[in-house]
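Novice: sharing a model prediction with you, sequence too.
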Amino acid sequence: MGRISRRTVTIGAALALAATTAGDAVARPAGRGHPRQALRGMWLATVAGRDWPSRPALTAAEQRAELLAHLDTAVARRLNAVVFQVRPTADALWPSPYEPWSAVLTGTQGADPGWDPLGTAVTQAHRRGLELHAWFNPYRVANHTDPGRLVPTHPARLHPDWTVPHGGKLYYNPGLPQVRRFVREAMLDAVRKYDVDAVHFDDYFYPYPVAGQTFDDDAAYAAYGAGFPDRAAWRRRNIDLLVRETARGIKRIRPRTQFGISPFGVWRNQATDPAGSATTAGVQTYDDLHADTRMWVREGWIDYIAPQVYWNIGFPAADYAALVPWWAETVRGTGVRLYIGEALYKAGDPAQPAAWQDPAELSRHLALAARYPAVGGHIFFSAKEVGQDRNGAMARVVADHYARQRG
């Protein structure tokens, strides 16, 4: 968690606890949506309280103060966008008619925290000249498999047939049309209510493989899989439909709001597909997560893609220096913007390879990416490390590449 200054705490404590709404008059970020402005973003993760809040059941004033401190840290690091996780586990960080309040706020799912985190984040980010990208996880329901632990009114508890347990977690089944409609409308509720600069998905579509387990969607495949050559093709089509329909919904409701997706950094390995990257990664989004990220770019369904290129330069299985040019070529001529997801969390972590102990590793990433005009910016994972800056890697990035404020 970033250091909270006395000034920030005072500001946060003084804010009224009434919910902030989308109608608040605030200045938009300078150059909002301008394609020539390099994006300098950070993810602000809330699942399991990863970045915010620092612990459950803080007072509303304390939660606000911590949230504003993260926004102030983004400004201090000369960033211009915050990607704020507002639907971590089929719940909400705004008053939603579809899903319960998130337990990360009060410690109890469904309990009203007494304020509106998403509304406040939009307003306060814009006042600071920051873009606010609302980050949603479409299908994860819980970090456990017991529906009985969900609030009684939770849609997944009311419709247990919508869910599939897998790998110790509970997921909505992407193969059910009613699930796709529900999660789309639950997410679009935030777009209707708030002037978010973007809707943002991360890398969780079908869940990551778990050794010895299969994702049990037999009944859905039997009901809806006719006409597909195999189950994998059917699953990819399910995810394609969610992406395409969400994109259409966003543009219908708020045409200036962007739609961005941040997938795992490898679409397919070259050994699997000649169009793939020169990598040997153990996970391929097309095959394992059933997410055809390359096709979404080529079809222009999304406004930006931010692949998580979370490896160092020279990493044998997935070299940063091989993946950045592959993604640059993928977006070429499509009009889709490319932002590179950066693994700031690895910098200075003694458990990581030696390259990550060098404070200059991330700065070298930005220098390499600058050789490719298609790269329109970077997003750092995540906010806690942006503030803490364990080995000075973030400060080095700012000094070397962010001399000018805001890009």
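Specialist: Structure received.
Novice: helices of the stretch 151-300 of the chain, start to end?
Specialist: In the stretch 151-300 of the chain, the helices defined using DSSP state H, counting those that start in this stretch lie at 155-158, 177-193, 218-224, 231-253, 293-299.
Novice: tabulate these (CSV), appending distance to residue 202, mean neighbour count and mean pLDDT.
Specialist: Backbone N, C-alpha and C define where each C-beta goes, glycine included. Output for those, formatted as CSV (distance: least, CB to CB, whole Å; neighbours: other CB atoms under 10 Å; pLDDT from 0 to 100):
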stretch, distance to residue 202, mean neighbour count, mean pLDDT
helix 155-158, 20, 17, 98
helix 177-193, 13, 19, 98
helix 218-224, 23, 15, 98
helix 231-253, 13, 18, 98
helix 293-299, 12, 19, 98
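Novice: how about JSON lines for these, with distance to residue 386 added?
Specialist: Below are those laid out as JSON lines (distance: least, CB to CB, whole Å):
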{"stretch": "helix 155-158", "distance to residue 386": "33"}
{"stretch": "helix 177-193", "distance to residue 386": "24"}
{"stretch": "helix 218-224", "distance to residue 386": "40"}
{"stretch": "helix 231-253", "distance to residue 386": "27"}
{"stretch": "helix 293-299", "distance to residue 386": "25"}
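Novice: any idea which of the ones you listed gets closest to residue 126?
Specialist: helix 177-193 (14.8 Å; CB to CB).
Novice: and that closest one with helix 231-253, angle?
Specialist: Following axes from the mean of the first three to the mean of the last three CA atoms, to 10 degrees, one obtains 30 degrees for the angle between helix 177-193 and helix 231-253.
Novice: what's the spacing between helix 177-193 and its chain's center?
Specialist: 17 Å (CA atoms, centre = their mean, to the nearest Å).
Novice: picking up where we left off before, right, and the helices of the stretch 151-300 of the chain - which one's nearest residue 147?
Specialist: Each of those has some distance to residue 147 by CB to CB; the shortest is helix 155-158, at 5.1 Å.
Novice: who's in contact with that closest one?
Specialist: 90, 98-99, 141-142, 147-148, 150-151, 162-163, 170, 172, 182 (CB atoms under 8 Å, 6 or more residues apart in numbering).
Novice: check stretch 219-237 too.
Specialist: 173, 174, 175, 176, 177, 206, 217, 286, 287, 290, 291, 292.
Novice: go through stretch 253-262 and flag the buried ones.
Specialist: 254, 257, 258, 259, 260, 261, 262 (16 or more other CB atoms under 10 Å).
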